[in-house]
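Peer 1: structure for the following, please:
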Amino acid sequence: MHTHDTASGPVILPGQTGLFYGGQWHRSVADRWLEVEAPGTGEVLARVADATAEDVARAARAARAGARTWRRTAPLARAAVLRKIGQRLRENAAQLALLDALDCGNPVSEMGSDVMVAAALMDFFAGLVTELKGDTIPMGHEALNYTEREPVGVVARIVAFNHPLLFAMGKLAAPLAAGNAVIIKPPVQAPLSALRCAELIGDLLPPGVLSIIPGGGEAGAALAASPDVDMVGLVGSIATGRKVMEAAAGRLKPVALELGGKNPFVACPDVDPALVARAIVDGMNFTWCGQSCGSTSRAFVHRDIYDEVCERVAQACAAYVPGDPTAAATTMGAMISAEHRDRVKNAIDRARDAGARLLCGGGIPRAGVPPGGHYLEPTVFADVAADSALACEELFGPVLAILPWDDEAALLADIHRLDVGLTAAIWTTDLARAHRLAREIDAGFVWINEVGKHFLGAPYGGVKQSGIGRDECFGEMLSFTREKNVHVSLRQVGRS
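Peer 2: Numbers count the residues shown, from 1 in each chain. I've put the predicted structure just below:
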């Protein structure tokens, strides 16, 4: 058993760091390896296989064979397997949470909930397997016409680094429930929890039904273009989403894309400044350094409450202190890499030079954090121009821009400067205004007097360049099926 010491005790690392497909572990055909780094300390944790296009081709062929077996498995039998997967995740929740904290930099105190949500998704979709129903179309007495839902076949899901286990296991549930084989490409920066999960649950599924293929851009492009992959899902950036769509277009295969956003938070003049300030900070997801596509990183605050809200937001940020992600008391973790931290820090410096008013943060902490880690202070700017880089670019970091507003039409124009629309939050006591703004704002998921929360069964996804498709709902499972029509003539065709 491979372990690594952390502030919360030893964590079990995956014993296998190769490629899992066809029910077995394999080395990369090119014997290529990637070093995996701990964001909290900068130390190398492991070397994992770096899949080539040939590795992907082999895994996809194995998945094609597994898909034939899995689609013939009775729906309730598939559901039973999903529930067993969920139970395995729960049984290993503490260790998996600690492994994710070590590997991706999010605080361990928050990662346990990721494991539990992934397990809940297994149970949720297990309960929906008998709802993949067809229709009958009236044809009169001489024919029967009906539709049925069948799995698309092999689904590849390429997932992001900010919630590695939740995405790897949570995105597995819907396509598995629908009868597909699934290939997971875990994030190149944080692949360890996915590999560990393959060790924990691989025996529950027929060979080929689950594949875990770590690798970089070559592996992702090969999955999207593979003739043995029937559908591709991505959680990632808009730029990566375009590449996946381009690669998939050669075979006209469907895609599901959950991409980035520069999400607005609208604070109206009738709300309590203390409550809305707390919500604005919560919506930024400072706990995981703002590395969340759903973060409400543009806060539009009405001028009537602007000064008080700005002051209270800065005060609330004091609760987020960067520290060792594996320590139980840590309230804000590390950024995924030094390169990404430096990129965000440069954006902070440019915003300051451009005249935005820095309310708090903006620096790289040196005290109270492990040396070598990739840390950045929670940062808030006020008086941000709506057309500035800070208000228009998704930084994927712990940087909040606060903008004043007093005219609703101008507010909506500023929100819609960008061709993205993942989430939005609206805080007001005016019911008519709440519904009006929710209707007018282009976003796939809108909170009213709430922020940041997901609700199992409620569709989550974006519009415009923030994505295609919806997750965490029945529609997600439906998207991994295709509709077949069967027409049966009831005329006598045998010998009389």
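
Peer 1: may I see the buried residues of stretch 416-426?
Peer 2: Buried residues in stretch 416-426, defined by neighbour count with 16 or more other Cβ atoms under 10 Å: 418, 420, 421, 422, 423, 424, 425, 426. (Each C-beta comes from the backbone N, C-alpha and C, glycine too.)

Peer 1: got CSV for those, with pLDDT, secondary structure and distance to residue 276 too?
Peer 2: Shown next, in CSV, are these (pLDDT from 0 to 100; DSSP: H, G, I helix; E, B strand; the rest coil; distance: Cβ to Cβ, whole Å):
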residue, pLDDT, secondary structure, distance to residue 276
418, 97, coil, 22
420, 98, strand, 23
421, 98, strand, 22
422, 98, coil, 21
423, 98, strand, 16
424, 99, strand, 14
425, 99, strand, 10
426, 99, strand, 11
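
Peer 1: can I get these in CSV with distance to residue 122?
Peer 2: Shown next, in CSV, are these (distance: Cβ to Cβ, whole Å):
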residue, distance to residue 122
418, 35
420, 31
421, 29
422, 25
423, 25
424, 30
425, 29
426, 33
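
Peer 1: just those now: which is nearest residue 258?
Peer 2: residue 422 (8.0 Å; Cβ to Cβ).

Peer 1: pretty sure that closest one sits against residue 241.
Peer 2: No - look at residue 422 against residue 241 with Cβ atoms under 8 Å: they stay out of range, at 11.9 Å.

Peer 1: overlap of the contact sets of the two?
Peer 2: 259, 467 (Cβ atoms under 8 Å, 6 or more residues apart in numbering).

Peer 1: would you map the strands across the stretch 251-400 of the chain?
Peer 2: 255-258, 264-267, 298-302, 357-360, 379-382, 399-405 (DSSP state E, counting those that start in this stretch).

Peer 1: and the ones you listed, which is most packed in?
Peer 2: Across these, the average number of neighbours (mean count of other Cβ atoms under 10 Å) peaks for strand 264-267, which reaches a mean of 28.

Peer 1: so what strands line up beside that strand?
Peer 2: Here strand 264-267 is paired, per DSSP bridges, with strand 298-302 (parallel), strand 423-427 (parallel).

Peer 1: among those strands, which comes closest to residue 383?
Peer 2: Comparing those by Cβ to Cβ, strand 298-302 comes nearest, at 10.9 Å.

Peer 1: contacts for stretch 243-253?
Peer 2: 158, 220-221, 224-225, 227, 229-232, 234, 236, 254-255, 257.

Peer 1: my guess is residue 212 meets residue 186, correct?
Peer 2: Yes - Residue 212 is in contact with residue 186 according to Cβ under 8 Å; the separation is 6.5 Å.

Peer 1: common neighbours of the two, please.
Peer 2: Common contacts of residue 212 and residue 186 (Cβ under 8 Å, 6+ apart): 168, 194, 195.

Peer 1: please tell me how far the spatially closest residue to the last one that is not a sequence neighbour sits from residue 111.
Peer 2: For residue 195, the nearest residue in space outside its immediate sequence neighbours is residue 14; the separation is 4.0 Å by Cβ to Cβ, 6 or more residues apart in numbering. When distances are taken as Cβ to Cβ, to the nearest Å, residue 14 and residue 111 turn out to be 16 Å apart.

Peer 1: can you check residue 49 too?
Peer 2: 24 Å.

Peer 1: before we move on, back to that, quick one, which of residue 14 and residue 111 is more surrounded?
Peer 2: residue 111 (30 against 22; other Cβ atoms under 10 Å).

Peer 1: OK, contacts around the more buried one?
Peer 2: 96, 97, 98, 100, 101, 165.

Peer 1: now swap in residue 282 and tell me
Peer 2: Each residue near residue 282 by Cβ under 8 Å, 6+ apart is listed here: 451, 452.

Peer 1: domain assignment for the chain?
Peer 2: 2-259+466-483, 264-448 (automatic domain parsing).

Peer 1: switch these over to a markdown table; also include distance to residue 492.
Peer 2: Converted to a markdown table, those look like this (distance: least, Cβ to Cβ, whole Å):
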| stretch | distance to residue 492 |
| --- | --- |
| domain 2-259+466-483 | 10 |
| domain 264-448 | 53 |
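
Peer 1: just so I know, which of those lies nearest residue 456?
Peer 2: domain 2-259+466-483 (5.5 Å).

Peer 1: and that closest one, how far out from the chain's middle?
Peer 2: Taking Cα atoms, centre = their mean, to the nearest Å, one finds the center of domain 2-259+466-483 at 12 Å from the center of the full chain.

Peer 1: for stretch 270-285, same thing?
Peer 2: Put simply, stretch 270-285 sits 24 Å off its chain's centre (Cα atoms, centre = their mean).

Peer 1: pull out the buried positions in it.
Peer 2: 271, 273, 276, 277, 278, 279, 280, 281, 282, 283, 284, 285.

Peer 1: which ones are touching residue 469?
Peer 2: Here residue 469 is in contact with 233, 255, 256, 257, 258, 461, 475, 476, 479 (criterion: Cβ under 8 Å, 6+ apart).

Peer 1: contact partners of the host helix or strand of the first one?
Peer 2: Right, the one you point to is residue 233. Following DSSP states H and E, the helix or strand that holds residue 233 is strand 231-235. The contact list for strand 231-235 (Cβ under 8 Å, 6+ apart) reads 152-160, 167, 171, 175, 180, 223-224, 240-241, 244, 247-248, 253-259, 293, 469, 480.

Peer 1: my guess is residue 415 contacts residue 264, does it?
Peer 2: Yes - using Cβ under 8 Å, residue 415 makes contact with residue 264 at a distance of 4.8 Å.

Peer 1: name the residues contacting each of these two.
Peer 2: 298, 300, 424, 441.

Peer 1: which residues touch residue 190?
Peer 2: Applying Cβ under 8 Å, 6+ apart, the residues near residue 190 are 36, 100, 103, 104, 161, 164, 336.

Peer 1: so which of these wins on neighbours?
Peer 2: Result: residue 103 is most packed of the contacts of residue 190 (other Cβ under 10 Å), 33 neighbours.

Peer 1: in a helix, that one, correct?
Peer 2: Yes - assigned with DSSP: H, G, I helix; E, B strand; the rest coil, residue 103 falls within a helix.

Peer 1: contacting residues for residue 476?
Peer 2: 174, 256, 459, 469, 470.

Peer 1: repeat the analysis, applying 7 Å as the threshold.
Peer 2: 174, 470 (Cβ atoms under 7 Å, 6 or more residues apart in numbering).

Peer 1: ok, now residue 337?
Peer 2: Shown in contact with residue 337 (Cβ under 7 Å, 6+ apart): 39, 189, 374.

Peer 1: with adjacent residues omitted, what lies nearest to the second one?
Peer 2: What it means is residue 189. Nearest to residue 189 is residue 161, by Cβ to Cβ, 6+ apart, at 4.4 Å.

Peer 1: list the buried residues for stretch 231-251?
Peer 2: 231-236, 238, 240-241, 243-245, 247-248.

Peer 1: and the helices in the stretch 51-200 of the chain?
Peer 2: With DSSP state H, counting those that start in this stretch as the criterion, the stretch 51-200 of the chain has helices at 53-71, 75-91, 93-104, 108-126, 164-177, 192-201.

Peer 1: returning to that earlier point: what is the nearest of the shared contacts of residue 212 and residue 186 to residue 454?
Peer 2: Among the shared contacts of residue 212 and residue 186, and counting by Cβ to Cβ, the member closest to residue 454 is residue 168, at 16.8 Å.

Peer 1: is that closest one in contact with residue 197, as I believe?
Peer 2: Yes - at 6.5 Å, residue 168 counts as touching residue 197 under the criterion of Cβ atoms under 7 Å.

Peer 1: ok, the contacts of residue 111 vs residue 320, which is closest?
Peer 2: residue 101 (15.9 Å).

Peer 1: please give me every residue in contact with that closest one.
Peer 2: Residue 101 neighbours (Cβ under 7 Å, 6+ apart): 107, 108, 111, 325, 326.
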